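Asks: Here is the input, now give the coordinates:
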Amino acid sequence: MTWDVALILAMDGLANGSVYLLAGLGLVLIFSVTRVVFVPFGDVTAFAALTLAAFQTGRVPPTIGLVAVLAVLATATELGSLWRRGEVARMPKALLAWGVLPLVPCLLAWLAARAGMPALVQIAATLLLIVPITPLLARVVYQPIADASVLVLLIVSLALHFLLSGLGLLFFGPEGSRTEPLASGVFTLGDSFVVSGQVLLMVGSAIVLSGLFFLVFERTVAGKALRATAVNRVGARLVGIRPARTALMAYGSASLLAGLIGILIGPVTTMYYDSGFIIGLKAFVAAIIGGLVSYPVTALGALAVGLVESYASFWSGALKDVIVFSLLIPVLMLRSYLSRHQEEEQEEVDE
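Replies: Numbering: from 1, shown residues only. This is a model prediction of the structure:
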């Protein structure tokens, strides 16, 4: 391995690490607020890339139908819950929030596909179409069992992943798709080190979005509400913070991150209906390194995963995933040794 090869692998690792960083932030955000290991995160990412590819090929993205069906199911679930609690006066507001608003991106996306809009409009339509997916899934699937154990929530997440993966195969087919580059041009650093504009865009986007998330958590009321719910759900409820609302905020933010990831990696990776699963798994490795609670450590873990994957692919392309996932073994052993073993029920009583 020469220095030139090492630098190329390092840049490739940073590009992959930036993707895992954003995905890891989304996983940690959802878990810290809701205790849900959101396994379908990668599926939403794949839907974003394939939706943008459908726009660029002049097809109406099948994601429109998925969002519409989820909106109907979420509306029925919310109205049924309000009816059982006798809160009939809140039904019109619930109908607007769960039944009407999610259909607006569907209409805009359909118009964008029919009219052949420019690339920026297609990207915006893709994001608007992807963002409601995770909150709608959360209202239908997770919110009714919000007080279940972490193991039950994990099993439900796995089942939901297989469902979305099957729907992805039904909607988009087994063929892979790649979107058009978002940034053209090549930059030469030094004598022979070449970096593509798309890679720089991926790394820069990860830095900017991480900074924005930091500002949101530190400077805004919504961010402080998310942090309070993550620290103590009961205490947050006592001071007037509704965990159900903060959970939807977390799901919506994670869905936005998944959409951005899909748009960023679409030009550099051929995406299939099930490609998001491996992305989510590697981001989960980074989140585990951060203990599913620490955003800075998760970011460092994501960069480490990207670099390890890049250099491992140079030595053995067939074993690179094995090497990446083997990082979990020492991390889990160390955390098992350092953490206090305590039953979940006892933790809830202490809170």
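Asks: can you map out the helices along the stretch 151-300 of the chain?
Replies: Assigned by DSSP state H, counting those that start in this stretch, the helices in the stretch 151-300 of the chain fall at 197-219, 221-231, 233-238, 243-265, 275-289, 295-315.
Asks: ok, residue 262 touching residue 43?
Replies: No. Residue 262 is beyond contact range of residue 43, at 10.2 Å (criterion: Cβ atoms under 8 Å). Quick note: C-beta positions are derived from backbone N, CA and C, even for glycine.
Asks: what's the overlap in contacts for the two?
Replies: Residues touching both residue 262 and residue 43 (Cβ atoms under 8 Å, 6 or more residues apart in numbering): residue 276.
Asks: what about residue 200, how many neighbours?
Replies: Using other Cβ atoms under 10 Å, residue 200 has 17 neighbouring residues.
Asks: contacting residues for it?
Replies: The neighbours of residue 200, taking Cβ under 8 Å, 6+ apart as the test, are 183, 187.
Asks: The residue lying closest to residue 247 once chain neighbours are set aside and residue 214, how far apart?
Replies: Sequence neighbours aside, residue 34 is the residue nearest to residue 247 in space, at 4.7 Å (criterion: Cβ to Cβ, 6 or more residues apart in numbering). Distance from residue 34 to residue 214, counting by Cβ to Cβ, to the nearest Å: 21 Å.
Asks: Which one's more surrounded, these two?
Replies: residue 34 (24 against 13).
Asks: per-residue confidence at the more buried one?
Replies: Predicted confidence (pLDDT) at residue 34: the value is 87.
Asks: what's the spacing between it and residue 141?
Replies: 12 Å.
Asks: what does residue 9 give?
Replies: Residue 9 sits 40 Å away from residue 141, going by Cβ to Cβ.
Asks: between those two, who's got more neighbours?
Replies: Between residue 9 and residue 141, counting by other Cβ under 10 Å, residue 141 is the more crowded of the two (21 against 18).
Asks: residue contacts, the residue nearest the centre of the chain?
Replies: Nearest to the mean C-alpha position of the chain, by Cα atoms, centre = their mean, lies residue 258 at 3.6 Å. Residue 258 sits next to 23, 26, 41-42, 44-45, 48, 130, 134 when contact means Cβ under 8 Å, 6+ apart.
Asks: Reformat these as JSON lines; add distance to residue 288, secondary structure and pLDDT.
Replies: Below are the contacts of residue 258 laid out as JSON lines (distance: Cβ to Cβ, whole Å; DSSP: H, G, I helix; E, B strand; the rest coil; pLDDT from 0 to 100):
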{"residue": "23", "distance to residue 288": "13", "secondary structure": "helix", "pLDDT": "91"}
{"residue": "26", "distance to residue 288": "14", "secondary structure": "helix", "pLDDT": "89"}
{"residue": "41", "distance to residue 288": "14", "secondary structure": "helix", "pLDDT": "93"}
{"residue": "42", "distance to residue 288": "15", "secondary structure": "helix", "pLDDT": "91"}
{"residue": "44", "distance to residue 288": "20", "secondary structure": "helix", "pLDDT": "94"}
{"residue": "45", "distance to residue 288": "19", "secondary structure": "helix", "pLDDT": "94"}
{"residue": "48", "distance to residue 288": "24", "secondary structure": "helix", "pLDDT": "93"}
{"residue": "130", "distance to residue 288": "25", "secondary structure": "helix", "pLDDT": "94"}
{"residue": "134", "distance to residue 288": "21", "secondary structure": "helix", "pLDDT": "94"}
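Asks: now for these, which pair is the farthest apart?
Replies: The two members of the contacts of residue 258 with the most space between them (Cβ to Cβ) are 23 and 130, at 13.9 Å.
Asks: neighbours of residue 187, just the number please.
Replies: So residue 187, with other Cβ under 10 Å, has 11 neighbours.
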